[in-house]
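*Asks:* no sequence for this one, just the structure:
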């Protein structure tokens, strides 16, 4: 997938926004976002929680390029445990002003090995990802629908990558709640 110019910076901004808002608790079921008056109270650029759904959350935020919406989750497992992985998130982002819908990406807290590839494995179905700086995106645009469908039907997403220092790293994300979070983000950013 071709990453739009500035997507790496945008991903870093999303991580910063999500880090501030992402609580460590796991809700039992999807919860609606606060009523619209609460949105007016949020500082400009602050993410507004749309929905919490099991292991996933959906947010919306205003940026200089317009409204963005994204679903995200933190990994349940990070390997090797002895490394400092920094903040790690998996995003499904929608940026209407840029014509981007449901773009999957991995954001880690370190630089990945230049020119390396990452592999996403959803319950045995593998997808290639390219890396740039501290992020990874689907390599083939044509695989987007199959990737999203596999995520919505699957139970876990495992990603293997290589750090800039040559360390093999891996992350496991639960897919419980992804459908509700992605659908809420897509609805918010029509």
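*Replies:* Thanks, I have the structure now. This structure is a prediction, so every number in the text was calculated from the model and none was measured. Residues are numbered from 1 along each chain as shown.

*Asks:* shaky segments in this protein?
*Replies:* The model of the chain has pLDDT under 70 over residues 1-44.

*Asks:* And the helices in it, which stretches?
*Replies:* 7-21, 36-41, 144-153, 178-188 (DSSP state H).

*Asks:* Let me see the ranges of the strands in this structure.
*Replies:* In the chain, the strands defined using DSSP state E lie at 31-32, 48-53, 56-63, 66-73, 77-79, 89-95, 100-107, 117-122, 125-132, 135-138, 156-162, 168-174.

*Asks:* Just give the strands next to the third one in its sheet, each with its orientation.
*Replies:* Paired strands of strand 56-63, with direction, are strand 48-53 (antiparallel), strand 66-73 (antiparallel) (DSSP bridges).

*Asks:* can you put these in JSON lines and add distance to residue 90 and mean neighbour count?
*Replies:* (C-beta placed from N, C-alpha, C; glycine too.) As requested, these are exported to JSON lines (distance: least, Cβ to Cβ, whole Å; neighbours: other Cβ atoms under 10 Å):
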{"stretch": "strand 48-53", "distance to residue 90": "14", "mean neighbour count": "22"}
{"stretch": "strand 66-73", "distance to residue 90": "5", "mean neighbour count": "23"}
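
*Asks:* Which among those strands is found nearest to residue 84?
*Replies:* Among those, the nearest to residue 84 by Cβ to Cβ is strand 66-73 (20.0 Å).

*Asks:* Identify the residues contacting the closest one?
*Replies:* When contacts are defined by Cβ atoms under 8 Å, 6 or more residues apart in numbering, strand 66-73 is touched by residues 10, 14, 18, 22, 50, 55-62, 89-98, 173-174, 177-178, 181-182, 184-186, 188-189.

*Asks:* hmm, try it at 7 Å
*Replies:* Contacts with strand 66-73, where a contact means Cβ atoms under 7 Å, 6 or more residues apart in numbering, come from 14, 18, 55-61, 89-97, 173-174, 178, 181-182, 185, 188-189.

*Asks:* Now the buried members of those.
*Replies:* 14, 18, 55-61, 89-95, 173-174, 178, 181-182, 185, 188-189 (16 or more other Cβ atoms under 10 Å).

*Asks:* I'd say residue 48 and residue 57 touch.
*Replies:* No: distance between residue 48 and residue 57: 11.1 Å, which falls outside the contact criterion (Cβ atoms under 7 Å).

*Asks:* Skipping its backbone neighbours, what lies nearest residue 152 in space?
*Replies:* Spatial nearest neighbour of residue 152, excluding adjacent residues (Cβ to Cβ, 6 or more residues apart in numbering): residue 179 at 4.8 Å.
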